[in-house]
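J.: Need coordinates for the below:
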Amino acid sequence: MKAVKLKDGRKIILREMTKQDILPGGNRRCPVNCKMVIGGTLLPTDNFRILNEEMIEKYGATAILAIGQDLIAGFVSFYPTWCPSFDMCNDEQIKEGMAHLEEIRNPPPCNDPALHVGCLMVRNEYRGNHLSIALLNYLKDWAKSHGWKKIVGNGCIYSGRAQYQWLVAPKPPKPIWEKAGFVAKDFPALGLKAMSDRESVRLSLEWYKSDGFPKQVPRDINPEDPDWPEIFADYTMICEL
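T.: Numbers count the residues shown, from 1 in each chain. Here you go, the predicted structure:
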């Protein structure tokens, strides 16, 4: 556990999520969109609770929480290489994770194991205080103390260029990762490249321009910007511990 003081004077506690305070995930709920409090009335769905209990039992934690007066101000969630990625609000991904409980309990052989960041989220009213970087630094210390050798994340320039900080996706701005000591690198064990190929970038751009782009998010980048290959590129961000 670690206490940090934000630039605006508010105090935040950083600590691991335990079995006693599993966030009320599932059912499309997320701290960015609803006020989650420790000990509140919202409860996790059965699948989300079981999945996190199993992972906490095996690995010690599945998320680092930033808590301000019992309110979840932000968090960073993570999972090992052999577990499918799951967002706390995505019921289909949670269900997929449940199908891999045996691998969670008995990890398969892995030549290059790593912790992977699932989501890095900060509530709007807490942004601008470097809380994202504090969460990543705490995760680094925790992971190293639990024997992990590297942490893998996913970043993109688009998030940093846009006025709307897309911290509700598992791709926080690349500069955030860099300030926490991550670098863009290949991760051959999973076929991950330091930067996505041009076809992937093109598909991201098409998604941005399509009707499938979330309506609550402003389109604050000109899709005709000549720098779009860089703006929409994804980066594999890695921190060696």
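J.: Give me the below-cutoff pLDDT ranges for this structure.
T.: Low-confidence segments of the chain (pLDDT under 70): 32, 158-170, 214, 216-218.
J.: Can you show me the helices along it?
T.: Under the criterion DSSP state H, helices of the chain are mapped to 46-59, 91-98, 101-105, 131-145, 157-161, 174-179, 198-209, 228-231.
J.: tell me the domain boundaries of the protein?
T.: Per automatic domain parsing, the structural domains of the chain span 1-148, 157-166+174-241.
J.: Need the winner for burial among those domains.
T.: Comparing the domains of the chain by mean neighbour count (mean count of other CB atoms under 10 Å), domain 1-148 comes out on top with a mean of 18. The way it works is simple: take the backbone N, C-alpha and C, and place the C-beta from them, glycine included.
J.: how distant is that domain from the center of its chain?
T.: 8 Å (CA atoms, centre = their mean, to the nearest Å).
J.: Start and end of it, how far apart?
T.: The first residue of domain 1-148 is 19 Å away from its last residue (CA to CA, to the nearest Å).
J.: Present the helices of the chain as TSV; the columns should include distance to I12.
T.: Below are the helices of the chain laid out as TSV (distance: least, CB to CB, whole Å):
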stretch	distance to I12
helix 46-59	22
helix 91-98	27
helix 101-105	30
helix 131-145	7
helix 157-161	22
helix 174-179	17
helix 198-209	33
helix 228-231	31
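J.: Can you check which of those gets nearest to Y79?
T.: helix 46-59 (7.1 Å; CB to CB).
J.: Output the contacting helices and strands for that closest one.
T.: Contacts defined by 3 or more CB pairs under 8 Å, 6 or more residues apart in numbering; DSSP states H and E place helix 46-59 against helix 91-98, helix 101-105.
J.: Quick one, which of those gets closest to A61.
T.: Between A61 and these, the tightest spacing by CB to CB is seen for helix 101-105, at 13.4 Å.
J.: helices or strands up against that closest one?
T.: Using 3+ CB pairs under 8 Å, 6+ apart: helix 101-105 touches helix 46-59.
J.: just the angle between the helix it packs on and helix 91-98, please?
T.: Angle of helix 46-59 versus helix 91-98, following axes from the mean of the first three to the mean of the last three CA atoms, to 10 degrees, is 40 degrees.
J.: residues making contact with helix 46-59?
T.: 17-19, 22, 24-26, 43-44, 62, 79-80, 83, 86, 88, 91, 94-95, 97-98, 101, 104-105, 146 (CB atoms under 8 Å, 6 or more residues apart in numbering).
J.: With stretch 22-41 instead?
T.: 17, 21, 42-45, 47-49, 52-53, 56, 63, 65, 67, 70-72, 74-75, 87-91, 94, 121, 123-124, 167-168.
J.: Could I have the CA atoms of stretch 130-142 written out in PDB?
T.: Extracted in PDB, the C-alpha atoms of stretch 130-142 (Å, rounded to 0.1, in the frame of the first residue of the first chain):
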ATOM      1  CA  HIS A 130      -0.100  11.800 -13.200                       C
ATOM      2  CA  LEU A 131      -2.200   9.100 -11.400                       C
ATOM      3  CA  SER A 132      -1.900   6.800 -14.400                       C
ATOM      4  CA  ILE A 133       1.900   6.900 -14.100                       C
ATOM      5  CA  ALA A 134       1.700   6.300 -10.300                       C
ATOM      6  CA  LEU A 135      -0.500   3.200 -10.900                       C
ATOM      7  CA  LEU A 136       2.000   1.800 -13.500                       C
ATOM      8  CA  ASN A 137       4.900   2.400 -11.200                       C
ATOM      9  CA  TYR A 138       3.100   0.700  -8.300                       C
ATOM     10  CA  LEU A 139       2.300  -2.200 -10.600                       C
ATOM     11  CA  LYS A 140       6.000  -2.500 -11.600                       C
ATOM     12  CA  ASP A 141       7.100  -2.700  -7.900                       C
ATOM     13  CA  TRP A 142       4.400  -5.200  -7.200                       C
END
